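Colleague: Please work out how this folds:
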Amino acid sequence: MRLQDDGRCFACGAKNPRGLGLSFEHTPEGVKASFTPSWHHQGYKALVHGGIISTLLDEAMVHAALKEGLTPITAELQVRFHRPLEVGQAVEVRGRLTGRRRRLLWGQAQVLRSSDQLVIATAEAKLLAHAETS
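Modeller: Coordinates of the predicted model:
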């Protein structure tokens, strides 16, 4: 299978009008992006769906690998929810790689409330670097 970016990624695709619209910037530690959820992202009334939060975390770790010139696929994702995220609350999403052995990568990510850096959720993942780029 060949992995191609056609700009329609749900998390970061600029050509996806229904996507999250994430735009990651490089930092010395990894990557970061800002996001403000709307009611389209809610589960229970006024609370952001856990799947959306998980997507933010996953995408941050994938972009940390992309920053290193790798094209990863998530093999395992473990998410810990620390507190609810309310619709309309701005967050910062941070991701970084923590290790690599051949094609296997390890990553960590956080979703932090922008106003006070309170941790909303954290994640760890195992990613597999696609064979064409490893």
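
Colleague: looking at it, residue 82 is touching residue 113, isn't it?
Modeller: No - applying C-beta atoms under 8 Å as the test, residue 82 and residue 113 come out as separate, 10.3 Å apart. Placement of C-beta: from N, CA and C, glycine included.

Colleague: Show me which of the two is the more surrounded one.
Modeller: Using other C-beta atoms under 10 Å as the criterion, residue 82 and residue 113 rank with residue 113 on top: 16 against 12.

Colleague: So what's the predicted local confidence for that one?
Modeller: What the model reports for residue 113 is a pLDDT of 98.

Colleague: residue contacts, it?
Modeller: Counting by C-beta atoms under 8 Å, 6 or more residues apart in numbering, residue 113 touches 85, 89, 90, 91, 120.

Colleague: show me the residues around the third one that make contact.
Modeller: Shown in contact with residue 90 (C-beta under 8 Å, 6+ apart): 34, 35, 36, 113, 114, 115.

Colleague: What does it show for phi and psi?
Modeller: Backbone torsions of residue 90, given as degrees, to the nearest 10, read phi -70, psi 140.

Colleague: How about the second one?
Modeller: Reported as degrees, to the nearest 10, the phi and psi values for residue 89 are phi -80, psi 120.

Colleague: likewise the first one?
Modeller: Summarising the backbone geometry of residue 85 under the convention degrees, to the nearest 10, its torsions are phi -110, psi 130.

Colleague: For it, which residues are in contact?
Modeller: By C-beta under 8 Å, 6+ apart, the neighbours of residue 85 are 37, 47, 48, 53, 91, 111, 113, 120, 121.
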